[in-house]
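Enquirer: predicted structure and sequence below. I'll ask about it afterward.
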Amino acid sequence: MPSLIASPTVLRQPSRFWSRRFAPVLLLLALSPAVFAADDTTAASSARDRAVADADQIAQQLLQVREGETELNCAKAVENARYGVETMLEVGEKNVRGGYLPAEQFNASAAPLRALLPQLTVADCEAADGNKRAFYQCLSSDYNHVLACGKAHPY
């Protein structure tokens, strides 16, 4: 029976073996919060970069006019134009409230949009010619955004 009980020298050797053998694992466990934090930051940065790239791609798509054989439909064109302008104003106001956009910058951009809203009428569309008519015809398609049509057909 006494042979089964380990002497202090016998215990030290397995202890050294375990500490040498698992020192890298223990070090990794000790450093893991820092490693995981770096991975989270990298992942967050990567996710942010993807979101920014996606937003840029959406913005580019919104600014493209999808030309087609769309007939002028003043009711639809005015509805699309007003909806687009009102939505831009609402989103801008939310961005100001959320602290993403300075109020001065929004107000400078919003002033021309607010001035445009009362002009967007069916009567104005029906009387339009030249670029203004092309603008309304562009907005007769549900696939086009008011910014894209305004850029393609300034009046």
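Expert: Looks like it arrived, so ask away.
Enquirer: what secondary structure does the residue most central in space within the chain sit in?
Expert: Centroid-nearest residue in the chain: Ala55, 4.0 Å away (criterion: C-alpha atoms, centre = their mean). Using DSSP: H, G, I helix; E, B strand; the rest coil, the structure places Ala55 in helix.
Enquirer: mind checking pLDDT for it?
Expert: According to the prediction, Ala55 has pLDDT 79.
Enquirer: measure it to Tyr83 for me?
Expert: 20 Å (C-beta to C-beta, to the nearest Å). Heads up, the C-betas are built off the backbone N, CA and C, glycines and all.
Enquirer: equivalent analysis for Arg133, please.
Expert: Distance of Arg133 to Tyr83, given as C-beta to C-beta: 20 Å.
Enquirer: Gly130 too?
Expert: For Gly130, the distance to Tyr83 equals 24 Å [C-beta to C-beta].
Enquirer: looking at these two, which has the bigger crowd around it?
Expert: Neighbour count, other C-beta atoms under 10 Å: between Gly130 and Tyr83, Tyr83 has more, with 14 against 9.
Enquirer: so which strand or helix has the more buried one?
Expert: Element membership of Tyr83 [criterion: DSSP states H and E] is helix 74-97.
Enquirer: which elements pack onto that helix?
Expert: The contact analysis (3 or more C-beta pairs under 8 Å, 6 or more residues apart in numbering; DSSP states H and E) places helix 74-97 against helix 103-116, helix 122-127, helix 130-138, helix 146-152.
Enquirer: give me the buried positions along the third one.
Expert: Applying a neighbour-count criterion of 16 or more other C-beta atoms under 10 Å, the buried positions in helix 130-138 are Lys132, Arg133, Ala134, Phe135, Tyr136, Gln137, Cys138.
Enquirer: again, but for the shortest one
Expert: Counting neighbours by 16+ other C-beta under 10 Å, one finds that the buried residues in helix 122-127 are Cys125.
Enquirer: name the residues that touch it?
Expert: With contacts defined as C-beta atoms under 8 Å, 6 or more residues apart in numbering, helix 122-127 is touched by Leu72, Cys74, Ala75, Ala77, Val78, Lys132, Arg133, Tyr136.
Enquirer: picking that back up, out of the helices and strands packed on helix 74-97, which gets nearest to Glu90?
Expert: Of all the helices and strands packed on helix 74-97, it is helix 103-116 that lies closest to Glu90, at 10.5 Å by C-beta to C-beta.
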